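Just to be clear, the model below is a prediction. Sequence and coordinates:
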Amino acid sequence: MKKTLFLFAVLTASISMAQDLPTNPEPGKCYVRCTTPDVYVNETMTITLKPAYKVLRTVPATFKTVTERVLVKEEGKKLVVVPAKWGTETVSYVSKEGGNTIKVIPASFSPSSETIEVKPAYAQWELGAPAPDCASGNPDDCRYWCYKGYPAEYTTVTTSVLSNDANFAKTPIGSKNASYTKTVLLEPTRVVEEVIPAQYKEITKTVLDKDAYTAEETIPAVTKTVTREVLKEKGGLTTWKEVECSLVEYQALPINWNLGSATLTSEAKQIIDSRLMPVLQQNPGVKLEIASHTDVRGGASNNQGLSERRAKAVADYLITKGVNSSLLVANGYGETKVKNRCKEGVSCTEREHAVNRRTEFRLMNN
């Protein structure tokens, strides 16, 4: 067995110096430390970007024209001997009644903002580096655990608030007057009377049919739904778990990456689903390392970045499948860990270079 396996013989040899190791281990068995991960749930909340308000529109006054038959000369009598005397009289009337016009003062707004917590503060156990003065041959005996905290994350959303709601003001419209003249009897005839019939006239005037008024319309509020991550259940350090010994050493994840690409193909996702997902489901709470490597061709810096992006692509895909991110470690090693003689400056075949272009995984202590 390699040094990464927790063998019974190693445990019994170092039991006096190690702490918190599995109890009653069996020879030839392998164990990893398991933790219960923090459980987060997505929670949606609705914020108001713009409140509801009302809009007023004016409907102008309407008028109609009416015709009226009016008396312009009263009935009188005519005297044969002494004729009647007549005079005139001016009669005033309203030719157009008054009303109102309405001016709408629209609603006004002022800018505002709202800060919300999109990710709460959290903490997690992290394994520290081995002590430089460790007396044990196993560096894992001298490592310590740190409970490291991370601050909450916030985002600010721009909103607006209603300063003054819509209103209106009325302006009166004056009425119009007109007049007509009629003849009236001042002095009747005497001696012989003769009837003079009355005279009438058709006049036209404009009257108010319906006064101006406002119609109100409510504009609904504008809202936005924001999703934030909320801690549902706090995880922590739990127990040791027996695992297959082969899984604590690097296992090949046979993904054929496109040249210079860190994008997962549909075939690569099927490999992850069939190879990695069962391992995680059978070993809940165990941390998984995804390690990606390149060959030595190309610049070392570019190879390092490419390997890191490929490892992260696998981890990100596992997170979309529901795997807790705290259980995943994505490491890119670039061209630093070649498996054969094909180092910088050595001439190798394409097949030999392909051995070093690989992605691997293993179970590790949490």
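Done, it's in.

what about the helices in this structure?
8-14, 266-282, 300-320, 350-356 (DSSP state H).

and of the ones you listed, who's closest to residue 109?
helix 300-320 (40.0 Å; Cβ to Cβ). To be clear about C-beta, it is placed using only N, CA and C from the backbone, and glycine gets the same treatment.

highest average neighbour count across the helices of the chain?
helix 300-320 (a mean of 18; mean count of other Cβ atoms under 10 Å).

what's the distance between residue 253 and residue 338?
18 Å (Cβ to Cβ, to the nearest Å).

Give me the below-cutoff pLDDT ranges for the stretch 251-366 of the chain.
Across the stretch 251-366 of the chain, the ranges flagged by pLDDT under 70 are 365-366.

right, and the helices of the chain - which one's nearest residue 219?
Of the helices of the chain, nearest to residue 219 by Cβ to Cβ is helix 300-320, at 39.4 Å.

Need the contact partners of that closest one.
253, 255, 257, 260, 262-264, 269, 272, 276-277, 280, 288, 290-296, 325, 328-336, 359 (Cβ atoms under 8 Å, 6 or more residues apart in numbering).

mind checking how far that helix is from the chain centre?
28 Å (Cα atoms, centre = their mean, to the nearest Å).

angle of it against helix 266-282?
60 degrees (axes from the mean of the first three to the mean of the last three Cα atoms, to 10 degrees).

Quick check: bridge partners of the residue nearest to the spatial centre of the chain?
Nearest residue to the geometric centre of the chain (Cα atoms, centre = their mean): residue 226, 4.0 Å. Beta bridges link residue 226 to residue 45, judged by DSSP bridges.

Could you report the separation of it from residue 49?
For residue 226, the distance to residue 49 - Cβ to Cβ - is 11 Å.

Please enumerate the shared neighbours of these two.
residue 157.

check contacts around the residue nearest to the centre of the chain.
44-47, 116, 118, 155, 157.

ok so, going back, looking at the helices of the chain, spot the one closest to residue 170.
helix 300-320 (62.4 Å).

export that closest one as PDB, just CAs?
This file holds the C-alpha atoms of helix 300-320, laid out as PDB (Å, rounded to 0.1, in the frame of the first residue of the first chain):
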ATOM      1  CA  ALA A 300       4.300  26.500 -18.500                       C
ATOM      2  CA  SER A 301       2.100  29.400 -17.400                       C
ATOM      3  CA  ASN A 302      -0.500  28.600 -20.100                       C
ATOM      4  CA  ASN A 303      -0.500  24.900 -19.200                       C
ATOM      5  CA  GLN A 304      -1.000  25.800 -15.500                       C
ATOM      6  CA  GLY A 305      -4.000  28.000 -16.300                       C
ATOM      7  CA  LEU A 306      -5.500  25.500 -18.700                       C
ATOM      8  CA  SER A 307      -5.300  22.700 -16.100                       C
ATOM      9  CA  GLU A 308      -6.900  24.800 -13.400                       C
ATOM     10  CA  ARG A 309      -9.800  25.800 -15.700                       C
ATOM     11  CA  ARG A 310     -10.300  22.100 -16.600                       C
ATOM     12  CA  ALA A 311     -10.400  21.000 -13.000                       C
ATOM     13  CA  LYS A 312     -12.800  23.900 -12.100                       C
ATOM     14  CA  ALA A 313     -15.100  22.900 -15.100                       C
ATOM     15  CA  VAL A 314     -15.500  19.400 -13.600                       C
ATOM     16  CA  ALA A 315     -16.200  20.900 -10.100                       C
ATOM     17  CA  ASP A 316     -18.700  23.400 -11.400                       C
ATOM     18  CA  TYR A 317     -20.600  20.700 -13.300                       C
ATOM     19  CA  LEU A 318     -20.800  18.600 -10.100                       C
ATOM     20  CA  ILE A 319     -22.200  21.600  -8.200                       C
ATOM     21  CA  THR A 320     -25.000  21.900 -10.800                       C
END
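
quick one: the residue nearest to residue 196 when sequence neighbours are not counted from residue 202, how far?
Spatial nearest neighbour of residue 196, chain neighbours left out: residue 76 (4.2 Å); criterion: Cβ to Cβ, 6 or more residues apart in numbering. Separation of residue 76 from residue 202 (Cβ to Cβ): 21 Å.

between those two, which one's more packed in?
Using other Cβ atoms under 10 Å, the more surrounded residue of residue 76 and residue 202 is residue 76, with 20 against 8.

Report the contact partners of the more buried one.
84, 86, 185, 188, 195-196.

hmm, which two among those residues are most spread apart?
86 and 195, at 14.4 Å, using Cβ to Cβ across the contacts of residue 76.

Which of these two has more residues huddled nearby?
The neighbour count for residue 86 versus residue 195, taken as other Cβ under 10 Å, is higher for residue 86 (14 against 9).
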